[in-house]
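**Q** Here is the input, now give the coordinates:
(chains A and B)
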Amino acid sequence: MVLTPDFATRPVISFQHVHKTYSTGTEALRDINLEVPEGDFLFLVGPSGAGKSTLVRLLIREEKPTRGKIFVDGVELGRMKRRRLPHYRRKVGLVFQDFKLLPNLTVYENVAFALRVLGASDHQVRDRVAEALDTVSLYNKESTYPANLSGGEQQRVAIARALVHAPRFIIADEPTGNLDPATAWEIMQLFLRINARGATVVMATHNREIVDLLRRRVIAIDAGQVARDDRSGRYHDDFAKSEVRA
Amino acid sequence: MILRNLKFALSSAWQSFWRNLAVSLAAVISITLILILAGVNLLIGHAFSQVLDGFRAKVSEISINVSDDTPLQSINDFQAQIAADPRVASVRFVTKDEALAQFRADPQNYVLVQQIEGNPLDAKLDVQVKNLNDVAAVDTMARGWSGVDPTDPTNYQGDFINRMLQLSEWLGLAGAGLLVILLIVSVVIVMNTIRTAVYHRRKEIEVMKLVGATEWFVRGPFVIEGVMTGLIAASIALALLAVGYEPVVARFKSDIGFIPLSYDPAFLTSLARDLMLAGALLGAMGSYIGVRRYVRI
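**A** The predicted structure is shown next:
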């Protein structure tokens, strides 16, 4: 079954009959078909082990599909050469549940790092890091090390790093998973602002309240397949018992 | 952009060296110990080659005894022929009288000199051969000459020279073998030390890759840090060797006087160059190999 909402804008992310089976024999994804138009905000929901994380890993090209094709911005990820991968990742802003900040770098240096890999000048780095830290309201913490920040603050640093190079896509894997509800809501406000500026946001989440409140596109993954694709959906809890592990 | 990346790699390497000081020091100590061993090996090799050079200079001179009835013209011709040979450094004609004077001048011959009547010694051609390996060929050439004394043609001692050559060859091989073993051991130790350092920072590398750093962008600071570590270790090893070199040679000379060992400060310059190069290369190679597993995208 192909679930493709009829959006007016062209898709920037497209999954075509994507299968993923790990070397252990675990079938994580089966015949996934998806299209995401530019500027979309979509939630990937589903029980643990349903295949959400595998889908995210395919999107950031940490894994390749076993079968099928994934296109992002016209480029087929499975056939992308290894040396092109860093350039692809620079178009994407990534946010993870465990923040993935560099512990030896200050807040400023962590955010600046995403620009350093691009070869940005000191002047550009100064201006854009200040702007990104302003967006996430952390301009007064730029000399602090991650260990001295709260979970919410660390996630805001990660978001500042994800958006500092003005990426076209933000991919977030359980970004509110380690946060209390109030902080989670603050973080979601940031994602909404980034999306309002034009970035496409794909977010895997377990946070029912947020999904139900925001009423954005919801793709439910269950047992490695797309079970539901609602344009302004709710979380629901009607997943069948998942048999696969991502 | 390349300059900016280089600047970033240099400052990252510097920061990381100090921020991970314990691991950095472990790497510095390992490389220092290895370089001290390599340096001692090079110094011993150099000392033996100095001693051997002394022996070589002595045994690469051959005296060709000239028969009493050989006309002067024939001697001059043969002298010119030998002097023109590219293997020969110099030829000097020593007359019978000069040979006797030399013999008398040597205090070791004092008793013999009392018993000599007339001049039983031959005139001779003292030939300095450039390369020890060619002494045998010059000896053969001399024995084929019509003017040579058939009863005692030359003072060539083939056996002694062959043994010298063998000894020098064996010493050279042993030194080279030891250096190869040290090299292999050191690369393994350095690689493992640096791999441990890199293992502690694997998450950092993962994040670098996720934000789009190229393999060389990630690897660059590690390799530069390795070079820095190697150079610091080489400086420490060199300082210790330079301080210890002269007293050890002096002690050796006083204890084992018959081996003509000497202190050669000029060798320290080439030792400094070799150790710095080896330290930088070891550090760079160790980092490159150590980080490879984690850097590959």
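
**Q** contacting residues for the residue nearest to A:Leu214 when sequence neighbours are not counted?
**A** In this structure, A:Leu214 finds its nearest non-sequential neighbour in A:Met188, 7.1 Å apart by Cβ to Cβ, 6 or more residues apart in numbering or on different chains. C-beta: built from backbone N, CA, C; applies to glycine. When contacts are counted by Cβ atoms under 8 Å, 6 or more residues apart in numbering or on different chains, A:Met188 touches A:176, A:210, A:214.

**Q** Can you add pLDDT and secondary structure and give the residues you listed back as a markdown table?
**A** Listed next are the contacts of A:Met188 as a markdown table, based on pLDDT from 0 to 100; DSSP: H, G, I helix; E, B strand; the rest coil:
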| residue | pLDDT | secondary structure |
| --- | --- | --- |
| A:Thr176 | 88 | coil |
| A:Ile210 | 89 | helix |
| A:Leu214 | 89 | helix |
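
**Q** Neighbour count and distance to A:His165 added to those, as TSV?
**A** Output for the contacts of A:Met188, formatted as TSV (neighbours: other Cβ atoms under 10 Å in any protein chain shown; distance: Cβ to Cβ, whole Å):
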residue	neighbour count	distance to A:His165
A:Thr176	26	23
A:Ile210	20	26
A:Leu214	19	25
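
**Q** Show me which of those residues is closest to chain B.
**A** Checking the contacts of A:Met188 against chain B by Cβ to the nearest Cβ gives A:Thr176 as the nearest, at 19.2 Å.

**Q** Who are the contact partners of B:Thr32?
**A** Under the criterion of Cβ under 8 Å, 6+ apart, the contact partners of B:Thr32 comprise B:233-234, B:236-237.

**Q** mind redoing it with 10 Å?
**A** Applying Cβ atoms under 10 Å, 6 or more residues apart in numbering or on different chains to B:Thr32 gives the contacts B:229-230, B:232-240, B:279.

**Q** That one belongs to a helix, doesn't it?
**A** Yes: note on B:Thr32: a helix contains this position according to DSSP: H, G, I helix; E, B strand; the rest coil.

**Q** mind checking which helix or strand the residue lying farthest from the centre of chain A is in?
**A** Here chain A reaches farthest from its C-alpha mean at A:His123, the gap being 28.6 Å by Cα atoms, centre = their mean. Mapping A:His123 onto the secondary structure by DSSP states H and E places it in helix A:122-135.

**Q** which helices and strands sit right next to that helix?
**A** helix A:107-116, helix A:151-163, helix A:181-196, helix B:2-19 (3 or more Cβ pairs under 10 Å, 6 or more residues apart in numbering or on different chains; DSSP states H and E).

**Q** got those as JSON lines, with distance to B:Leu271 and mean pLDDT columns?
**A** Supplementary listing: the helices and strands packed on helix A:122-135 in JSON lines, determined by distance: least, Cβ to Cβ, whole Å; pLDDT from 0 to 100:
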{"stretch": "helix A:107-116", "distance to B:Leu271": "40", "mean pLDDT": "91"}
{"stretch": "helix A:151-163", "distance to B:Leu271": "48", "mean pLDDT": "91"}
{"stretch": "helix A:181-196", "distance to B:Leu271": "60", "mean pLDDT": "89"}
{"stretch": "helix B:2-19", "distance to B:Leu271": "25", "mean pLDDT": "77"}
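
**Q** Dump these into JSON lines; add distance to A:Arg231 as well.
**A** Putting these into JSON lines (distance: least, Cβ to Cβ, whole Å) gives the following:
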{"stretch": "helix A:107-116", "distance to A:Arg231": "32"}
{"stretch": "helix A:151-163", "distance to A:Arg231": "25"}
{"stretch": "helix A:181-196", "distance to A:Arg231": "15"}
{"stretch": "helix B:2-19", "distance to A:Arg231": "44"}
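
**Q** What residues does the stretch 151-297 of chain B have near chain A?
**A** Selection of the stretch 151-297 of chain B residues close to chain A by Cβ under 10 Å from any Cβ of the partner chain yields B:201, B:203-218, B:296-297.

**Q** Quick check, central residue of chain A?
**A** Centre of chain A computed as the mean C-alpha position; nearest residue by Cα atoms, centre = their mean is A:Ile171, 1.5 Å away.

**Q** Assign it to helix, strand or coil.
**A** In terms of secondary structure, A:Ile171 is strand; the call rests on three-state DSSP.

**Q** I'd like the distance between it and A:Val75.
**A** Computed with Cβ to Cβ, to the nearest Å, the distance linking A:Ile171 and A:Val75 is 15 Å.

**Q** Is B:Asn109 in a helix, a strand, or coil?
**A** In terms of secondary structure, B:Asn109 is helix; the call rests on three-state DSSP.

**Q** count of neighbours near it?
**A** A total of 13 residues lie near B:Asn109 under the criterion other Cβ atoms under 10 Å in any protein chain shown.

**Q** dump the residue contacts of B:Tyr263.
**A** By Cβ under 10 Å, 6+ apart, the contact set of B:Tyr263 is B:47, B:50, B:245-250, B:252-253.

**Q** Between which two of the residues you listed is the distance greatest?
**A** Comparing all pairs in the contacts of B:Tyr263 by Cβ to Cβ, the longest separation belongs to B:Gln50 and B:Pro247, at 17.6 Å.

**Q** So for these two, which sits in the more crowded spot?
**A** A direct count of neighbours by other Cβ under 10 Å for B:Gln50 and B:Pro247 places B:Gln50 higher, at 15 against 10.

**Q** Okay, and the more buried one sits in which element?
**A** Of the helices and strands defined by DSSP H and E, B:Gln50 is found in helix B:21-59.

**Q** Report the buried residues of that helix.
**A** The neighbour-count check on helix B:21-59 (16 or more other Cβ atoms under 10 Å in any protein chain shown) flags B:23-24, B:26-28, B:30-32, B:34-43, B:45, B:47-48, B:51-52, B:55-56, B:59 as buried.

**Q** what's the angle between it and helix B:2-19?
**A** Inter-element angle recorded for helix B:21-59 and helix B:2-19: 100 degrees (by axes from the mean of the first three to the mean of the last three Cα atoms, to 10 degrees).

**Q** Now do whichever helix or strand comes after helix B:21-59: which elements does it pack against?
**A** Toward the C-terminal end, the helix or strand that comes next after helix B:21-59 (DSSP H and E) is strand B:61-66. Contacts of strand B:61-66 with other secondary structure elements, assessed using 3+ Cβ pairs under 10 Å, 6+ apart, are made with helix B:72-84, strand B:88-94, helix B:96-105, strand B:123-129, helix B:135-143.

**Q** Using CSV, write out every CA atom in the last one.
**A** Pointing back at helix B:135-143 there. Taking C-alpha atoms only, helix B:135-143 is exported to CSV below (Å, rounded to 0.1, in the frame of the first residue of the first chain):
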residue,chain,number,x,y,z
VAL,B,135,92.8,-4.9,-1.1
ALA,B,136,92.7,-8.5,-2.3
ALA,B,137,92.6,-7.4,-5.9
VAL,B,138,95.5,-5.0,-5.5
ASP,B,139,97.5,-7.9,-3.8
THR,B,140,96.7,-10.2,-6.8
MET,B,141,97.9,-7.5,-9.2
ALA,B,142,101.1,-7.0,-7.3
ARG,B,143,101.8,-10.8,-7.2
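
**Q** contacting residues around that helix?
**A** B:56, B:59-66, B:78, B:81-82, B:85, B:87-88, B:91, B:125, B:127-129, B:131, B:148, B:150, B:153-158, B:161-162, B:165.

**Q** rerun at 7 Å
**A** With Cβ atoms under 7 Å, 6 or more residues apart in numbering or on different chains as the contact definition, helix B:135-143 has outside contacts at B:60, B:62, B:64, B:87-88, B:127, B:129, B:148, B:153-154, B:156, B:158, B:161.
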